[in-house]
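Asks: here is a sequence together with a model predicted from it:
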Amino acid sequence: MKNLIGLTNTAEEIVTEKNTAQALNSGSLKVFATPAMIRLIEKAAAELVEKNLPPESTSVGILLDVKHTAPTPIGLKVRADVKIISVDGRKIVFEVAAFDERGEIGRGSHERFIVDRKKFQDKAEAKI
């Protein structure tokens, strides 16, 4: 696998009724939900890793340490920026930040682990 340190990616979406705290049952307000922000961060990170792996591999999220520091109302665009800051074997560490059109709304770190698709899926299904 090539050197991934320093690679970046961004994921964006518009805040709608469907990704509010109220809709996702993570609060009672019609603002961008923390779980939605986390999903956007993971999407940006997963996409970045995926395009740099062989087809039989993928990555899974193993740690998130993110603060959600500002509310975003329905109608504004939000984005998650991720940057790979270290790679230790199969563990990849990201610096992450989220923004809306008015400024930063969250920041932290995220870790993903590279796995074999089939082995990981088989391990999960063995629990059934």
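Replies: Great, that's in hand. Numbers count the residues shown, from 1 in each chain.
Asks: tell me the secondary structure for the most centrally placed residue in the chain?
Replies: Taking Cα atoms, centre = their mean, the centroid of the chain lies closest to E42, which sits 1.4 Å from it. Per DSSP: H, G, I helix; E, B strand; the rest coil, the local secondary structure of E42 is helix.
Asks: check contacts around it.
Replies: G61, L64, H110 (Cβ atoms under 8 Å, 6 or more residues apart in numbering). C-beta coordinates here come from the backbone N, C-alpha and C atoms, glycine included.
Asks: just the buried subset of those, please.
Replies: Using 16 or more other Cβ atoms under 10 Å as the burial test, the contacts of E42 include H110 as buried.
Asks: turn the contacts of E42 into CSV, columns for secondary structure, pLDDT and distance to V78.
Replies: Formatted as CSV, those follow (DSSP: H, G, I helix; E, B strand; the rest coil; pLDDT from 0 to 100; distance: Cβ to Cβ, whole Å):
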residue, secondary structure, pLDDT, distance to V78
G61, strand, 98, 19
L64, strand, 98, 17
H110, strand, 98, 16
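Asks: which of the contacts of E42 lies closest to A80?
Replies: H110 (9.6 Å; Cβ to Cβ).
Asks: which element is the closest residue to the closest one other than its chain neighbours on?
Replies: Nearest non-adjacent residue to H110, counting by Cβ to Cβ, 6 or more residues apart in numbering: F94, 4.5 Å away. Assigned by DSSP states H and E, F94 falls within strand 91-100.
Asks: CA atoms of whatever helix or strand Q121 lives in as CSV?
Replies: Using DSSP H and E, Q121 maps to helix 117-125. C-alpha atoms of helix 117-125 as CSV (Å, rounded to 0.1, in the frame of the first residue of the first chain):
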residue,chain,number,x,y,z
ARG,A,117,-13.8,-7.9,3.3
LYS,A,118,-14.7,-11.6,3.2
LYS,A,119,-13.1,-12.5,6.5
PHE,A,120,-14.7,-9.6,8.4
GLN,A,121,-18.2,-10.3,6.9
ASP,A,122,-17.8,-14.0,7.7
LYS,A,123,-16.9,-13.2,11.3
ALA,A,124,-19.9,-11.0,11.7
GLU,A,125,-22.3,-13.5,10.2
